[in-house]
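Asker: when you get a sec, could you give me coordinates for this:
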Amino acid sequence: MLGRLLLLFMIMPFLELFVLIKVHQSVSQYWGSQNAWFFTLGMIFLAAIAGVSLAKNQGFRLLTQAQEQLRQGIPPSQTALQGLLMLGGATLLIIPGYITDVVGIFLLIPWTRSLVVKALKTWLGRQVQSGTFVVQQAGFYSQPGSLIQDANRGEIIDVEPIQK
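Answerer: Got it, this is the predicted structure:
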């Protein structure tokens, strides 16, 4: 997984630069080279402004929704996940480039973000069931006698905290 992420971070700037150059070449055929640079840089700037404003708008909506769920006694887990995806989408819009802008807009639109949340929940459920993704409970919130799975050996260890 880490290798794939590293590969993505190494390849993505080159892909963004390639798409940026191709868009600039296409626009310069119609408007000329000087105007094409204004268009290209303006689109990047407008995408960043749109990302910030959409994130602010959607963020307030999700915050209100989470507060309402807490008032009703419902844990806002899906709202929190949508908030994280929205934050990721806004961050992608701020990063210069057309590919990241398209993915960022996809994550900021509420109905497409819901599709991503549903797919992410399904994927995480499969990972937990197959044992690839292990949920561990440790730290201050562990209960005495809680079971923690050792990720290295696959064994279950019964944990009893000792008070001094």
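Asker: hey, let's count contacts and neighbours off CA atoms from now on
Answerer: OK.
Asker: all strands of the protein, in order?
Answerer: Taking DSSP state E to define them, one finds strands in the chain at 147-149, 156-158.
Asker: poorly predicted segments of the chain, please.
Answerer: Within the chain, the stretches with pLDDT under 70 are 1, 75-76, 133-164.
Asker: mind doing that once more with 90?
Answerer: Regions of the chain meeting the criterion pLDDT under 90 cover residues 1-10, 12-13, 16-17, 20-98, 101-102, 104-111, 113-114, 116-164.
Asker: biggest helix in it by residues?
Answerer: Of all the segments of type helix in the chain, defined by DSSP state H, the longest one is helix 33-71.
Asker: show me which positions of that one end up buried.
Answerer: Neighbour counts using 16 or more other Cα atoms under 10 Å place 36-37, 39-40, 43-45, 47-48, 50-52, 54-55, 58-59, 62, 66 of helix 33-71 among the buried residues.
Asker: tell me where the chain has helices.
Answerer: Using DSSP H, helices in the chain cover 2-31, 33-71, 77-94, 98-108, 110-130.
Asker: which residues does the fourth one contact?
Answerer: Going back to what we said before, that points to helix 98-108. The contact list for helix 98-108 (Cα atoms under 8 Å, 6 or more residues apart in numbering) reads 16, 19-20, 44, 47, 51, 54-55, 58, 85-86, 88-95, 112-113, 116.
Asker: run the last query once more with 7 Å
Answerer: Outside helix 98-108, the residues that touch it by Cα atoms under 7 Å, 6 or more residues apart in numbering are 16, 20, 47, 54, 85-86, 89-90, 92-93, 112-113.
Asker: report the angle between it and helix 2-31.
Answerer: 110 degrees (axes from the mean of the first three to the mean of the last three Cα atoms, to 10 degrees).
Asker: ditto for the third one
Answerer: With the same axes, to 10 degrees as the basis, helix 77-94 and helix 2-31 are set at 50 degrees to each other.
Asker: can you list the residues that contact helix 77-94?
Answerer: Residues contacting helix 77-94 (Cα under 7 Å, 6+ apart): 47-48, 51-52, 55, 59, 62, 66, 100-101, 103-105, 107-108, 113, 117.
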